[in-house]
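Q: Sequence first, predicted model second:
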Amino acid sequence: MKIVIVNGPNLNLLGKREPSIYGTKSMEQVLVDIQRAYPDVHFEYCQSNHEGDLIDWVQSYGLASLENAYLQAVDGRSATPVERPSGCSRVVKGIVLNAGGYTHTSIALRDAVACAEVPVVEVHISDIRKREAFRQVSLLTDVCAHSIVGHGTDGYQEAVEWIINHNK
């Protein structure tokens, strides 16, 4: 099983940026902990401060039909060669998405998530419902399969667990 974790802007500073809100654990440590907890799962991690990168990753990893078409072509079950989506090495079973500030502003990212053929689980380290008014609205929640809000960095592991349980 393959699960992709996609982080948006400023999450490269996790553990350093506003530790009173986001904690002191780095994303590297979060990823190590997740891999230890789920050794049989293949994880890929992407982080960018650029909106277009997040959209590209959600599209590339989230369109299972593209990956399935590629696998059929490789297995000889399709007469039409299909180009493999960039970065896809196995069929993705889900995406864990912390879009950071783009949660509140990006209609384009919302549209990409809405097109995903695999479950996308929205994660927020802080409880956005108790933050500034402009952070309280998520444009993603209604197009995500599930949302985990305010559970600190443990939310990433909870999202992975949700994806695993919904792929049984």
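A: Sure, I can see it.
Q: ok, the residue lying closest to residue 12 once chain neighbours are set aside - contacts?
A: Take residue 12 and drop its neighbours on the chain: the residue closest to it by CB to CB, 6 or more residues apart in numbering is residue 47, 5.4 Å away. C-beta: built from backbone N, CA, C; applies to glycine. Remark: with contacts taken as CB atoms under 8 Å, 6 or more residues apart in numbering, residue 47 is in contact with 6-8, 11-12, 27.
Q: now, among these, which is nearest to residue 105?
A: Out of the contacts of residue 47, the one with the shortest distance to residue 105 is residue 8. That distance is 10.5 Å, counting by CB to CB.
Q: State the next helix or strand along the chain beyond the one helix or strand residue 36 maps to.
A: For residue 36, the element it lies in under DSSP states H and E is helix 27-37. Remark: after helix 27-37, the chain's next helix or strand is strand 42-47, criterion DSSP H and E.
Q: Counting by contacts, list what the helix or strand that that next one is followed by packs against.
A: The C-terminal neighbour of strand 42-47 among helices and strands, as given by DSSP H and E, is helix 51-62. Packing contacts for helix 51-62, counted by 3 or more CB pairs under 8 Å, 6 or more residues apart in numbering; DSSP states H and E, involve strand 2-7, strand 42-47, strand 92-98, helix 107-115.
Q: can you list those in TSV and add distance to residue 19 and mean pLDDT?
A: Conversion of the helices and strands packed on helix 51-62 to TSV gives the following (distance: least, CB to CB, whole Å; pLDDT from 0 to 100):
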stretch	distance to residue 19	mean pLDDT
strand 2-7	17	97
strand 42-47	18	96
strand 92-98	17	97
helix 107-115	26	97
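Q: tell me the most buried of those?
A: Across the helices and strands packed on helix 51-62, averaging neighbours per residue (mean count of other CB atoms under 10 Å) puts strand 92-98 on top, at a mean of 26.
Q: List the strands paired with it, with their directions.
A: Pairing partners of strand 92-98, with direction, according to DSSP bridges: strand 2-7 (parallel), strand 120-124 (parallel).
Q: Adding distance to residue 97, write those out as a markdown table.
A: Conversion of those to a markdown table gives the following (distance: least, CB to CB, whole Å):
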| stretch | distance to residue 97 |
| --- | --- |
| strand 2-7 | 5 |
| strand 120-124 | 5 |
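Q: Those strands: which one's closest to residue 51?
A: strand 2-7 (11.9 Å).
Q: tell me the angle of that closest one relative to helix 51-62?
A: 170 degrees (axes from the mean of the first three to the mean of the last three CA atoms, to 10 degrees).
Q: Rounded mean pLDDT for the next helix or strand after strand 2-7, please.
A: From strand 2-7 onward toward the C-terminus, using DSSP H and E, the following helix or strand is helix 19-22. The pLDDT scores in helix 19-22 average 81.
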